[in-house]
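Visitor: Generate a structure from the sequence data that follows.
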Amino acid sequence: METDADFISSGGVTSPGGFLAGAVSAGIKYSPGTRLDLGILFSPEPCAAAAVFTTNKVKAAPVLLSRERLQKGKTSAVVMNSGCANACTGRQGMADAVEMTGLAARQIKVKPENVLVASTGVIGTMLPMERIRSAIPRIVLKEEGGHDLARAIMTTDTVPKEAAVKTGDFTIGGMLKGAGMIHPSMATMLCFLTTDSAVELDFLRRALNKAVAISFNMISVDGDNSTNDMVLIMANGAVGGEAITGGSKKAVAFQRALNKICVYLAREAVRDGEGATRLIEVKVEEALSPKDARLAARTIVSSSLVKTAVHGSDPNWGRVLAAAGRSGAALEEEKTELHIGKTCIVKNGTPVAFDKKEVVKHLGGKEVNITLNLHLGKANATAWGCDLSEEYVKINAEYTT
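Guide: Model prediction:
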């Protein structure tokens, strides 16, 4: 019988054996010494690696370069920065991304083609390469360096997002940045996952895609899909033993553990959404198909009208049904059933009497639960989002000024 993965206290991306990390203040956006903004994640033992990237047709240079290098399914390290997305920067932006990997490769003594690159920050600005050239040699890699690295990739995030889970003899660790421009398609924000298990590449790719589908692809802060989105997993096999394959005994345990950490990090992203005061969880039950369930849940949680109603603790439940109705999912109004918290609002497509004060109280809590039962099939899905506040507008109106 497979056991559930357990979270590791104060765990992070370097919790799995064999991973090192470090970060420095390079002054990429702010004055040097003000905040960490440049770092490296490294495994001395080469890793099997898989990733998913933004499907935005405008792709940043780091996305293009890392995607190309990952075709072989192996990597040793990632160099990453915040403060500048290196997106919409033309040939010079690509040259800078290549140089960043070369500088990192020299620092850790590996071939440049074994180093990936990730950037996040303002679109359309050039990397301050002079500062990066002088800062990379100052990066000190440590087993506990993942915590500094998680801080170094933050932009408008208010807290670092880290986690690690252990099951059996292996561990999966991770870190994520993202608070705005969150409405992923195939990937989201920047997320780096590590494991000390050996994992066969094809299975690793399938496992990541499955985990992303139920986690990062089911969240929304503001409906925008970034130019730099990237979710990467690196498996170095430090614990030894045979590689996990799709048919092996450990495959189910690995998938469950990966799902668990991805869902946790995805929830933390929207909990820390720009200007957010509430986490919203939307469950769609008994949909006609898994695709319909995901589509309806994601549409509801990304609706600006639903988000603003939650922010105002306004039980304007019609917005939920309206969002589901335009989602493209199969829906028969007379069969719908809606709950906000534990309170039934709609039954058989018809509103029922409910305690408004109780619903308002629930909507004013830190976590808001909305459940829509379509009574059409057996498929269920869960999506997560956050409320839309005045602070979100302020943050994004003043982002570059």
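
Visitor: Report pLDDT for the closest residue to Ser327 other than its chain neighbours.
Guide: In space, not counting the residues next to it along the chain, Ser327 is nearest to Thr299; the distance is 3.6 Å by CB to CB, 6 or more residues apart in numbering. To be clear about C-beta, it is placed using only N, CA and C from the backbone, and glycine gets the same treatment. With respect to pLDDT, Thr299 has a value of 94.

Visitor: What are the buried residues along stretch 264-271?
Guide: Along stretch 264-271, these residues count as buried under the neighbour rule (16 or more other CB atoms under 10 Å): Tyr264, Leu265, Ala266, Arg267, Glu268, Ala269, Val270, Arg271.

Visitor: contacting residues for the last one?
Guide: Going back to what we said before, that points to Arg271. Counting by CB atoms under 8 Å, 6 or more residues apart in numbering, Arg271 makes contact with Leu279, Cys386.

Visitor: and the closest residue to Gly27 other than its chain neighbours, what element?
Guide: Spatial nearest neighbour of Gly27, excluding adjacent residues (CB to CB, 6+ apart): Arg131 at 5.1 Å. The secondary structure element spanning Arg131 is helix 129-135 (assigned by DSSP states H and E).

Visitor: which parts of that helix are buried?
Guide: Using 16+ other CB under 10 Å as the burial criterion, the residues of helix 129-135 that qualify are Arg131, Ile132, Ala135.

Visitor: How about stretch 153-162?
Guide: Along stretch 153-162, these residues count as buried under the neighbour rule (16+ other CB under 10 Å): Ile153, Met154, Thr155, Thr156, Asp157, Pro160, Lys161, Glu162.

Visitor: JSON lines please, covering these and showing pLDDT, secondary structure and distance to Tyr392.
Guide: What follows is the buried residues of stretch 153-162, written out as JSON lines (pLDDT from 0 to 100; DSSP: H, G, I helix; E, B strand; the rest coil; distance: CB to CB, whole Å):
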{"residue": "Ile153", "pLDDT": "95", "secondary structure": "coil", "distance to Tyr392": "21"}
{"residue": "Met154", "pLDDT": "93", "secondary structure": "coil", "distance to Tyr392": "17"}
{"residue": "Thr155", "pLDDT": "88", "secondary structure": "coil", "distance to Tyr392": "14"}
{"residue": "Thr156", "pLDDT": "83", "secondary structure": "coil", "distance to Tyr392": "10"}
{"residue": "Asp157", "pLDDT": "87", "secondary structure": "coil", "distance to Tyr392": "14"}
{"residue": "Pro160", "pLDDT": "95", "secondary structure": "coil", "distance to Tyr392": "21"}
{"residue": "Lys161", "pLDDT": "95", "secondary structure": "strand", "distance to Tyr392": "18"}
{"residue": "Glu162", "pLDDT": "97", "secondary structure": "strand", "distance to Tyr392": "24"}
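
Visitor: Determine the longest helix present in the chain.
Guide: With secondary structure taken from DSSP state H, the chain has its longest helix at helix 251-271.
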